[in-house]
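# Here is my input, please return the structure:
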Amino acid sequence: MKLVKRLSSVAVIAGVLMSASLMFGADGSSLNNPPAGFTALFNGKDLTGWWGLSTEDPRKWSALSPEEFKKKHDASIEDIKQHWTVQNGELVNDGKGLYLSTEKQFRDYELMVDYKTVALADSGIYLKGCPQVQIWDYTEKGGKWKIGADKGSGGLWNNSKGAPGKDPLALMDKPFGEWNHFRIIQVGSRTTVWLNDKLVVDNAIMENYFNRKMPIPTAGPIQLQTHGGEIRWRNIFVREIPSEEANKILRGKDPEGFKPVFNGRDFEGWKGPLENYEVQDGAIICKPKKGGTIYTKEEFADFIVRLEIKLSPGGNNGLAIRYPGSGDTAYVGMCELQVLDDGSERYAKLDPRQFHGSVYGVVACHRGYQRPVGEWNYQEVTVKGSTIKVELNGNVIVDCDVSKVTEIMGNKPHAGKDRTSGAFGFAGHSDPVLFRNISIKRLE
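Sure thing, here's the model as predicted:
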């Protein structure tokens, strides 16, 4: 029995060694094979699926006409051919030229990539066309300790000074000549990075280098930035994350202090015209051609609310913030945060302060971050004093101080804007919009 066990162990070890030999064979023929659920972005043979970009706002080149874009694309291929080669299943850059960029654009995804760099090189991975997960010479001889190289690679180096994610949580770079491994999850603007199996960025917002007042684009290419020295890449795999999984990642486990305000079964703890709403499969839904504001019996001053929202085609509703219990929450409560199918043609000519996530009639949102109609959106709202922050699907689309706003849409009086407490609720407007997984944390 002992001999059998020992032979079994030897067989397992031999199998592992054989697998490793196949994966990292010298001829490169077995490299770049993606694990289950992933797709290889690099086929190990040529640059199919890639083109060239520099550090440039993806919103600008995405807006080019088809003719202008083709001209830019084709010119980039000529540059790429001069500085990028494939050697034994590895992508090799000479430290010059445009950055290798995927032709496909990605929204929410998990990325894995191996890289090997040299002394004095400076590199990174652009996500959705924005810089960057940093790669560099982490040694003192590299000459960049003053700008953070001493902390190692993996951080979101272009984030503002002191912002979460700018500096990696640990120095995990391997010595020059050894391969490093990244695992990156990006949902919306929220980015988590592991370097060599160690967490170095924990669910941090990646700032938009090109316009820090806006979130990064909804979708964009993955770019391999290189300059200053040779860098090699291999095993570049991506897995696109569906919306249900993305929402679970964004929510995680509710931290201490969050309490459900809807039990998923009935309207216990709620007031208002409840007959105009019903519970379906654990969600609150406004009945068609019905409406009115339903709200919690509890009142809240400063708080964070987390919830999921599913819009119907042309759907219209709203989040009642610090609602007094009667009247139009858009003007008697602190505000109504608009809930709307932004893509519907019926709303094409609205005031910018009327689209989804906007402080209705008061502050406009950044648009384009909703999921397709019929999918659940994850939204988190922080209300503190006179400030409101709205995060939709991992992107901050509103961050404002309503006390500083003097111009209200239609020049209407807004008696409730300065309210300091009130109920939380839903302001239905006859459409079957759904809400679920609603929890609130009070802020002291």
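# Just list the residues touching the residue most central in space within the chain, thanks.
Among the residues of the chain, the one closest to the centroid is Gly188, at 1.8 Å (Cα atoms, centre = their mean). With contacts defined as Cβ atoms under 8 Å, 6 or more residues apart in numbering, Gly188 is in contact with Asp108, Pro215, Ala246, Leu250, Tyr369, Glu391, Leu392, Asn393, Gly394, Asn395. Any C-beta I mention is one placed from the backbone N, CA and C, and that applies to glycine too.
# Let's see the pLDDT reported for Lys141.
At Lys141, the pLDDT value in this model is 93.
# quick one: it is in a helix?
Yes - with DSSP: H, G, I helix; E, B strand; the rest coil as the criterion, Lys141 is located in a helix.
# I'd assumed Leu199 was in contact with Leu169.
Yes - taking Cβ atoms under 8 Å as the definition, Leu169 is a contact partner of Leu199 at 6.2 Å.
# got the domain boundaries for this protein?
20-241, 248-442 (automatic domain parsing).
# how long is the last one from one end to the other?
Read it as domain 248-442. End-to-end span of domain 248-442 (Cα to Cα, to the nearest Å): 22 Å.
# Need the mean per-residue confidence for it.
Mean pLDDT, computed over domain 248-442, is 95.
# all helices in the chain, in order from the N-terminus.
2-23, 58-62, 66-83, 243-251, 329-332 (DSSP state H).
# pLDDT averaged over the first one - what is it?
Same thing as helix 2-23. Mean pLDDT, helix 2-23: 37.
# can you check the second one too?
Within the predicted structure, the mean pLDDT of helix 58-62 is 95.
# Who are the contact partners of Ser54?
By Cβ under 8 Å, 6+ apart, the neighbours of Ser54 are Leu98, Tyr99.
# Quick check: phi and psi at it.
phi -110, psi -160 (degrees, to the nearest 10).
# As a check, name the ranges of all strands in the stretch 101-250 of the chain.
For the stretch 101-250 of the chain, the strands defined by DSSP state E, counting those that start in this stretch cover 109-117, 122-127, 130-136, 180-187, 190-195, 198-205, 223-227, 231-240.
# Among the ones you listed, which comes closest to Asp399?
When those are compared by Cβ to Cβ, strand 198-205 sits nearest Asp399, at 10.7 Å.
# quick one: that closest one to strand 130-136, angle?
Strand 198-205 runs at 160 degrees relative to strand 130-136, counting by axes from the mean of the first three to the mean of the last three Cα atoms, to 10 degrees.
# can you start the count at 55 instead of 1 from here on
That works, and once the first residue is 55, the last one we named lands at strand 252-259.
# Now for Asn147, how many residues are close by?
24 (other Cβ atoms under 10 Å).
# Could I get the pLDDT score of it?
At Asn147, the pLDDT value in this model is 95.
# close enough to count as contact, it and Gln136?
No - contact criterion Cβ under 8 Å: Asn147 and Gln136 do not qualify, at 10.5 Å.
# OK, contacts around Met268?
Counting by Cβ under 8 Å, 6+ apart, the residues that Met268 touches are Asn262, His420.
# Look up how far Ser243 lies from it.
Going from Met268 to Ser243 by Cβ to Cβ, to the nearest Å gives 10 Å.
# what is in contact with those two at once?
Asn262.
# And stretch 372-386, end to end?
Stretch 372-386 stretches 14 Å from its first residue to its last (Cα to Cα).
# mind listing what's buried in that stretch?
Across stretch 372-386, burial judged by 16 or more other Cβ atoms under 10 Å covers 372-379, 382-386.
# next one: stretch 399-414
Quick answer for stretch 399-414 (16+ other Cβ under 10 Å): Arg407, Gln408, Phe409, His410, Gly411, Ser412, Val413, Tyr414.
# isn't the second one right next to Glu390, touching?
No - between Gln408 and Glu390 no contact is recorded; they are 10.1 Å apart, counting by Cβ under 8 Å.
# Quick check: neighbours shared by these two?
The contact sets of Gln408 and Glu390 overlap at Tyr414 (Cβ under 8 Å, 6+ apart).
# For Ala300, give me its contacts.
Going by Cβ under 8 Å, 6+ apart, Ala300 touches Asp162, Val241, Gly242, Tyr432, Asn447, Gly448.
# Distance of the fourth one relative to Lys158?
To Lys158, Tyr432 is 24 Å away according to Cβ to Cβ.
# which of the two has more neighbours?
Legend: neighbour count by other Cβ under 10 Å for Tyr432 and Lys158, higher for Tyr432 (24 against 15).
# Not counting sequence-adjacent ones, nearest residue to the more buried one?
The shortest distance from Tyr432 to any non-neighbouring residue, by Cβ to Cβ, 6 or more residues apart in numbering, is to Asn301 (4.1 Å).
# what about that neighbour, how many neighbours?
Residues near Asn301, counting by other Cβ under 10 Å: 22.
# Report the separation between it and Ile363.
For Asn301, the distance to Ile363 equals 10 Å [Cβ to Cβ].
# Can you pull the residues that touch both of the two?
Taking Cβ under 8 Å, 6+ apart as the contact definition, Asn301 and Ile363 share the neighbouring residues Trp430, Asn431.
# Which residue is the nearest non-sequential neighbour of Leu118?
Residue nearest to Leu118 in three dimensions, not counting chain neighbours: Lys126, with 6.6 Å by Cβ to Cβ, 6+ apart.
# from memory that neighbour sits against Trp115, does it?
Yes - in terms of Cβ under 8 Å, Lys126 counts as a neighbour of Trp115; the distance is 6.5 Å.
# what's the spacing between the spatially closest residue to Lys458 that is not a sequence neighbour and Met388?
Leaving aside its chain neighbours, Lys458 sits nearest to Ser440 (7.9 Å; criterion: Cβ to Cβ, 6+ apart). Going from Ser440 to Met388 by Cβ to Cβ gives 8 Å.
# which of the two has more neighbours?
Met388 (26 against 16).
# Next, find the distance separating the more buried one from Thr441.
11 Å.
# what residues do these two have in common as contacts?
Val456.
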